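# Here's a sequence, model it:
(chains A, B, C and D)
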Protein chains: 2
Amino acid sequence: MEEAAFLRQYDPTGYDRPSVAVDCVALGLWEGRLALLLTSRDRPPFAGDWSLPGGFIGIAESPEAAAERVLRDKAGLAGVAPEQVHCFGAVDRDPRMRIITIAYRVLLDPARMAALFLRAGQCLATIDPAGTVSQDGQPLRLAFDHDRIVRLTLDRLRATIDDAAFALLPDRFTLRELQAVHEAVLGRSLNKPAFRRRMLERGVLHGTGDLEAGRAFRPAELYVQRPKG
Amino acid sequence: MEEAAFLRQYDPTGYDRPSVAVDCVALGLWEGRLALLLTSRDRPPFAGDWSLPGGFIGIAESPEAAAERVLRDKAGLAGVAPEQVHCFGAVDRDPRMRIITIAYRVLLDPARMAALFLRAGQCLATIDPAGTVSQDGQPLRLAFDHDRIVRLTLDRLRATIDDAAFALLPDRFTLRELQAVHEAVLGRSLNKPAFRRRMLERGVLHGTGDLEAGRAFRPAELYVQRPKG
DNA sequence: TGAATAGTGTCTCTAAGACATTATTAT
DNA sequence: ATAATAATGTCTTAGAGACACTATTCA
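Numbering: from 1, shown residues only, chains lettered A, B, ... in the order given. Predicted coordinates:
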């Protein structure tokens, strides 16, 4: 019994193996709200539903590299930095065959969001404070266990927003913009003086001395993340 | 190009696939310190090094079920509740072949720790506050990327110790024991009145009214986690 | 000068650290 | 009683929420 288990471990090539895929949760801000890149399925299973862009991991490809490839080939997003969220491996999560998927999160800054070219069968859906994915106010049905993946990704993002917020902003940003990102991700409003105090006392911001341009009234100072000191 | 990627996704059975394994980080308290169950490797690669108990995932087996099977077959631990930590998939993490592994954490209460029967080639190593795994004061070499797995598991455990601590204690425990668990995991001492206040105000503890027995001096009250209300 | 937003002063409240004190038990 | 630990009172400090106030810019 234990011997059998050992042999199984030592020579696994003779056994059926699950396929391993990645699914990408690409998030950015769109009109001040958290938005998510989706692909529509045009055949069963889950035909007509929306799904996360994904693909199988190559035999000589790391999971991160697979996520980068999927985002490049399917959404034209190059140079992104996927971060692992969780591995989903329920036996019946795909009705066709056994597929274990690793979920990756990618945060898109405003320049990438503005340059996003949505191909046929793709959309930008919004995520409301409760975690519901919808388009034009209509909740979307997501294929497979992708609603669980999105929900867990949102929870993780909220828990780490202090560090993650910068990836959703341009290089130079105002404290108001930083607060707006926190609020959009957390789904609630924050206290202004307390937020500014906390951010400035963390020591990861550096005021540039420059002011934002093109505003009708008093312009705010532009900050950058972590200067060098 | 995109068509090729699509076909690859749709019929992956024709492609080489990585093997998928689980590795288990089984943690408990031993003589007041955080301890870890390890297995020695008796052949290359990493012969003579210690490794986490692990095994391959069956084609009709969930990752959690695989982790439970590994712990049952290799360590006699039944009825545990593995929690996923992270998926490690670097292409060269195993020199023999491509293996993606999912790390699972299991917390053992004192009864399980006392009943642990170490088989040949197994040991209980301690984890010091810096995250170093050692035995009798000697740092141990861990096979593959298992030191990274242990380190990340420890970081995650520390971040969630408020909820996880109960799994390392018996059903009934004193506040002193609860604090000792927090301190062992966090690797630092905590302030007693503040700790007690915080725990009691969380509302997840319920005093039983019973006192611990067999102590030379004033016995402490026994608490349980979350009564029913 | 006024509108509108940037940025700050300050009060309050909550929670943690520190330290001393009281309470309880076995010997 | 005494030793030893359980449990608590209270002072101080740090940080967040609330709200009003001052500062700055453009039209």
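
# OK, contacts around A:Gly27?
For the record, residue A:27 is Leu, not Gly. Neighbouring residues of A:Leu27 by Cβ atoms under 8 Å, 6 or more residues apart in numbering or on different chains: A:34-36, A:105-108, A:127, A:153, A:157, A:168. Where C-beta positions appear, they are placed from N, C-alpha and C, glycine not excepted.

# Just send those residues back as JSON lines, with secondary structure too.
Formatted as JSON lines, the contacts of A:Leu27 follow (DSSP: H, G, I helix; E, B strand; the rest coil):
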{"residue": "A:Leu34", "secondary structure": "strand"}
{"residue": "A:Ala35", "secondary structure": "strand"}
{"residue": "A:Leu36", "secondary structure": "strand"}
{"residue": "A:Arg105", "secondary structure": "strand"}
{"residue": "A:Val106", "secondary structure": "strand"}
{"residue": "A:Leu107", "secondary structure": "strand"}
{"residue": "A:Leu108", "secondary structure": "strand"}
{"residue": "A:Ile127", "secondary structure": "strand"}
{"residue": "A:Thr153", "secondary structure": "helix"}
{"residue": "A:Leu157", "secondary structure": "helix"}
{"residue": "A:Leu168", "secondary structure": "helix"}
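
# Looking at the residues you listed, which is nearest B:Pro63?
Lowest distance from B:Pro63 to the contacts of A:Leu27 (Cβ to Cβ) belongs to A:Thr153, with 18.5 Å.

# hang on, isn't the closest one packed against A:Val85?
Yes. Using Cβ atoms under 8 Å, A:Thr153 is in contact with A:Val85, at 5.0 Å.

# So for the two, which residues contact both of them?
With Cβ under 8 Å, 6+ apart, A:Thr153 and A:Val85 have common neighbours A:25, A:103, A:105.

# will you turn those into JSON lines that also has pLDDT, neighbour count and distance to chain B?
Formatted as JSON lines, these follow (pLDDT from 0 to 100; neighbours: other Cβ atoms under 10 Å in any protein chain shown; distance: Cβ to the nearest Cβ, whole Å):
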{"residue": "A:Val25", "pLDDT": "98", "neighbour count": "27", "distance to chain B": "15"}
{"residue": "A:Ala103", "pLDDT": "98", "neighbour count": "28", "distance to chain B": "9"}
{"residue": "A:Arg105", "pLDDT": "98", "neighbour count": "25", "distance to chain B": "13"}
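
# Would you mind naming what in chain A lies close to DNA strand D?
A:190-195, A:197-198, A:201, A:211, A:215-219 (Cβ under 7 Å from any atom of the strand).

# Check chain A for the residue nearest DNA strand D and tell me.
A:Arg218 (2.9 Å; Cβ to the nearest atom of the strand).

# can stretch A:210-229 be found next to DNA strand C?
Yes. Applying Cβ under 7 Å from any atom of the strand, one finds stretch A:210-229 in contact with DNA strand C at A:216-221.

# Tell me which of those residues has the lowest pLDDT.
Across the set of the residues of stretch A:210-229 next to DNA strand C, A:Ala216 stands lowest in pLDDT, at 87.

# one step back: can you put the shared contacts of A:Thr153 and A:Val85 in JSON lines and add distance to DNA strand C?
Formatted as JSON lines, the shared contacts of A:Thr153 and A:Val85 follow (distance: Cβ to the nearest atom of the strand, whole Å):
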{"residue": "A:Val25", "distance to DNA strand C": "30"}
{"residue": "A:Ala103", "distance to DNA strand C": "32"}
{"residue": "A:Arg105", "distance to DNA strand C": "29"}
